[in-house]
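Participant: build me a model from this:
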Amino acid sequence: MPLQSFKIGDIVSWNSEAGHVSGRIRAIHFTPFLVNGYQHHATLTEPQYEIESLKTAHIAFHKGSALTIGE
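Facilitator: The predicted structure is shown next:
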């Protein structure tokens, strides 16, 4: 099954410990990167999406497998 791919500007949603969250993709990372001392694992075949919450403006990082398109 092919992985879902998203683009910058897409509105996506995901489940978090706080419940269902929606946000806008603002960047796509294809190589490992650090955020606040935490190593995020991203590759060309499994990128990490940088998403800004529509409700709180919090920035989250998720793989495509955790995301669905739309609110």
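
Participant: next helix or strand past the helix or strand encompassing residue 60?
Facilitator: Under the criterion of DSSP states H and E, residue 60 resides in strand 59-63. Toward the C-terminus, strand 59-63 is succeeded by strand 68-69 as the next helix or strand (DSSP H and E).

Participant: and residue 4, what pLDDT?
Facilitator: If you check residue 4, the pLDDT there is 65.

Participant: which other residues reach the strand holding residue 60?
Facilitator: With contacts defined as Cβ atoms under 8 Å, 6 or more residues apart in numbering, strand 59-63 is touched by 14, 16, 21, 23, 26, 29, 35, 40, 46-53. (Glycine included, C-beta is placed from N, CA and C.)

Participant: quick one: buried residues of it?
Facilitator: 60, 61, 62, 63 (16 or more other Cβ atoms under 10 Å).

Participant: adjacent strands (with direction) for that strand?
Facilitator: strand 48-53 (antiparallel) (DSSP bridges).
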